[in-house]
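any chance you could fold what I've pasted below:
(one chain, ligands or ions: 2)
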Amino acid sequence: MKPLPKGFNILEIERKWQGKWEEAGVYHFDSKDRKRPVFSVDTPPPYPSGDFHMGNVLNWTYFDIVARFKRMREFNVYFPQGWDCHGLGIEVQVEKENDIRKREMPPDKFTKLCEALVDKYIAIMKKAVVRLGISIDWTTEYRTMNPDYWRRTQLSFILLHKKGFMYQGTHPINWCPSCETAIADAEVNYEQHEGTLHYIKFPLEGSKESLMIATTRPELIPACVAIAINPSDNRFNKYIGKNIIVPLVKRAVQIIPDETVDPEFGTGVVMICTYGDKADVKTVLHHKLKPIIILAGDGKINEKGGKYAGLTTNEAKKAIVGDLQTEGLLVKTEKIMQEIGTCDRCESLVEILELKQWFMKTRALTDKVEQTANEVVWYPDYMKTRLVDWARSLDWDWVISRQRVFGTPIPVWYCKSCGAVILAEESWVPIDPKLENPRIKQCPKCGGKAFFAERDVFDTWMDSSISCAVHAGWPDSKDWRRLFPADVHPSGIDIIRTWAYYLMVRHLALFNETPYKSCLINGMVLGADGRKMSKSLKNYVATPEVLDKYGADAARQWAAAGGATGSDIPFRWPDVEYGKRFMTKLWNASGFVSNLLNDYEPDDKAKHALQPLDKWILSKTERLTKTVTEALDKCQFNIAMEEIRNFTWHVFCDCYIEAVKDRLYKPEVYGIDKRKAAQYTLYTVLHRILQLLAPIMPHLTEEIYQTLFAEKKVFRSLHLSCWPIVNDKMIDEEAEKHGELIVAVITEIRREKSERHVPLNTPIRKLIIYTGSKDSANMLTKGKEDIAGTCKVESLEIVTKEGEGKEIASYGIRFVAKY
Ligand SMILES: [Zn+2]
Ligand SMILES: [Zn+2]
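Ligands and ions are numbered 1, 2, ... in the order given. This is a model prediction of the structure:
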């Protein structure tokens, strides 16, 4: 065995192996290999944001541990990587960096700028993924902004359109006035916010009486379409059916009965406008009221807002409140906490508008989603309800069109004379309808010869929500079912409602089959203060800072050990420091082993000379293997990590290595066979530790493996070696009991030395151990040499009777040491 150098530079080691793994194709999926079963990871393609934050470190580490573990379990692992390019954030950033508005420049020029930014961001993030030691097969890399990927998104749209899942409609939708696009429910965040409740008098038509309403959105008064009262509210139900005059715009609307009105809230008289919130949408739909949409796409009041046209909502609010005051209609205001919806991307207040959009009929699949979610294995199990609850909570179908530039074009034209939808043929894609006409001579409906293109693009989730099929090779590979459904889909807890859900509905609609067999959920990363990590809270830690200081293997240990899978994990520097200290411990132990094994040739002949302590740690190693294997099978990374670290640090280094040093240094005393037995044990246990640690700490384990073991083992990388097969027969309870006793005795004698303030290597002239039982006496006699050697005892006597001296807790054994 070659000796290990004294110190190590983890950053150098990591760089070295990242290069060598890639060069040697260690992580390539072998499509020709039909013997091993496949294991496919549905790696979620991230939005290129240019930032690889600690949340990314957490979730990439999770699924990389799974991939590495399965690879060692002799699966043919397919671990692809793509980039979900068409994020709204890219458009926003391009506008900011270049100080332009996308509508003010030619779309193809704007797209070029977006692509350049995406390329820049991908380069940064790819570097970070590699640096973290993620075992991606980079030959699979793809970008959703390439026409070859559009082709798949467009094809899936065409197929779903033909199946009746896609439709165009004018429905209320969530609209971000800053991003100027429709957004899906999943892109709206609801939060508590302080608002002002305005109490306003609405005069009854043809009467001197008036009713008072309370609203936080007086700017929507011009969009008022009705006043609602709970029919059981005896204060006001006599007004139902009468007309009321909307202030300022002086328009009469009806007072309608509505059971959903809460008489306790505000005044019990509610203004229905189009649209203040989702409740308005429901009321308007239920009572078949005609909406008056006064907001334009840019968030300003349109011509239907009369004298307020051209104002932003905030300006309109001020103006309208002022006018109400002038007319004496504003009675009072009060502060109130209210729930508001904000844009996930830019945090602007989301409005509800009515515009013609493309939708996918997702709600029709809700029962199927629930049934399938229950069949999928969830890590942890309780996460499945998040998906089911989300699917059940959806009021609207998924709006899939976006009024943006940088996105996959919707492959549709319209006939200029009759307006018929011309859907692209499957063989036409990829196609940009803005650049090409449909490949037909005339409109199939009216014979018209002129067409105009759909200018909207797809929601970026339309690209990424077919990843399971695309990763498997759909639609080009005849063999794509081999990798479909994906064996595992990893997802953050915050994107179950998007990623896990959209994948599910898209694939169910397309193939009537689940896209993934299991779903692995990670929680959020919290700052050291326990709050969600964010730049604005000043508890943010940048990933490069962590990796530069302690390396990837220490960061990965933090991710694995930070908490139960699915729970939120705080980032604490001491956790990463502990990881680094553990690596130093492992390195030093390995160095020690390598020095003592320089004359060792692995063979099983030494087995007959195994001593009680050797048998003890070999059995404990088997037990550890079993525990770690079961934990990794269940994606319990923290349990696996803690078990290995405790074993390595406290059982292997502190106890076993200390207890066999003497045997290794003095073959003339113990005999060559017993020395060989210790060498065999060290060799076996250290190799096993490296294997068990490999999925979590891939770099350092590879470095030690390559220096110490690679010559004798046939695998070109530790990560291609086979995971140890758990053999229950190798777990020997008797040997463990025996070993524990010897270890307890050694520990107590050493403790006594430190209590006496004498160095550990001080010889003990005579040691008498009173066992009090024949059993213990027999056991200790068998371990006599290791006890005497480790504790530097010159004369050791073991007696069966009970005696005096220091007690070894819970064994009823006492000893007397004479110096
Ligand atoms: Zn926005
Ligand atoms: Zn036509």
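
from what I can see Gly591 touches Lys2, true?
No: checked against Cβ atoms under 8 Å, the pair Gly591 and Lys2 is beyond contact range at 10.9 Å. No exception for glycine: its C-beta is placed from N, CA and C like everyone else's.

those two: which has the busier surroundings?
Gly591 (19 against 13; other Cβ atoms under 10 Å).

who touches that one in this structure?
For Gly591, the contact set (Cβ atoms under 8 Å, 6 or more residues apart in numbering) comprises Pro3, Leu4, Pro5, Lys6.

of those residues, which is the most crowded?
Leu4 (20 neighbours).

what sits closest to Arg71 if chain neighbours are left out?
In space, Arg71 comes closest to Val77 once its chain neighbours are excluded; the distance is 4.5 Å by Cβ to Cβ, 6 or more residues apart in numbering.

distance of Ile704 relative to ligand 2?
Separation of Ile704 from ligand 2 (Cβ to the ion, to the nearest Å) stands at 72 Å.

do Arg34 as well
Per Cβ to the ion, Arg34 is found 52 Å from ligand 2.

also Thr790?
Distance from Thr790 to ligand 2, by Cβ to the ion: 93 Å.

then Lys666?
Here the criterion is Cβ to the ion. By it, Lys666 lies 98 Å from ligand 2.

quick check: phi and psi on that residue?
phi -120, psi 70 (degrees, to the nearest 10).

kindly report the same for Leu330.
phi -90, psi 110.

okay, it: pLDDT?
Note on Leu330: pLDDT of 95.

correct me, but it touches Asp323?
No: look at Leu330 against Asp323 with Cβ under 8 Å: they stay out of range, at 9.1 Å.

packing partners of the lowest-mean-pLDDT helix or strand in the chain?
Ranked by mean pLDDT, DSSP states H and E, the helix or strand of the chain with the weakest confidence is strand 181-183, at a mean of 88. On a contact count with 3 or more Cβ pairs under 8 Å, 6 or more residues apart in numbering; DSSP states H and E, strand 181-183 meets strand 166-176, strand 401-402.

now the longest one: how far from the chain's centre is it?
On the basis of Cα atoms, centre = their mean, to the nearest Å, the separation between the geometric centre of strand 166-176 and that of its chain is 30 Å.

contact residues of this structure facing ligand 1?
Counting by Cβ under 5 Å from the ion, the chain comes close to ligand 1 at Cys176, Ser178, Cys179, Cys343, Arg345, Cys346, Ser348.

out of those, who has the most neighbours?
Cys176 (25 neighbours).

got a pLDDT number for the nearest residue to it once chain neighbours are set aside?
In this structure, Cys176 finds its nearest non-sequential neighbour in Cys343, 4.1 Å apart by Cβ to Cβ, 6+ apart. For Cys343, the model assigns a pLDDT of 90.

measure the residue of the stretch 551-700 of the chain found nearest ligand 1 to Asp494 for me?
Distances between the stretch 551-700 of the chain and ligand 1 by Cβ to the ion are smallest at Asp568, namely 26.0 Å. In this view, Asp568 and Asp494 are 10 Å apart by Cβ to Cβ, to the nearest Å.

what is in contact with the two at once?
Taking Cβ under 8 Å, 6+ apart as the contact rule, Asp568 and Asp494 both touch Met524.

pipe the contacts of Gly591 into JSON lines and attach secondary structure and pLDDT per row.
Output for the contacts of Gly591, formatted as JSON lines (DSSP: H, G, I helix; E, B strand; the rest coil; pLDDT from 0 to 100):
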{"residue": "Pro3", "secondary structure": "coil", "pLDDT": "89"}
{"residue": "Leu4", "secondary structure": "coil", "pLDDT": "93"}
{"residue": "Pro5", "secondary structure": "coil", "pLDDT": "94"}
{"residue": "Lys6", "secondary structure": "coil", "pLDDT": "92"}
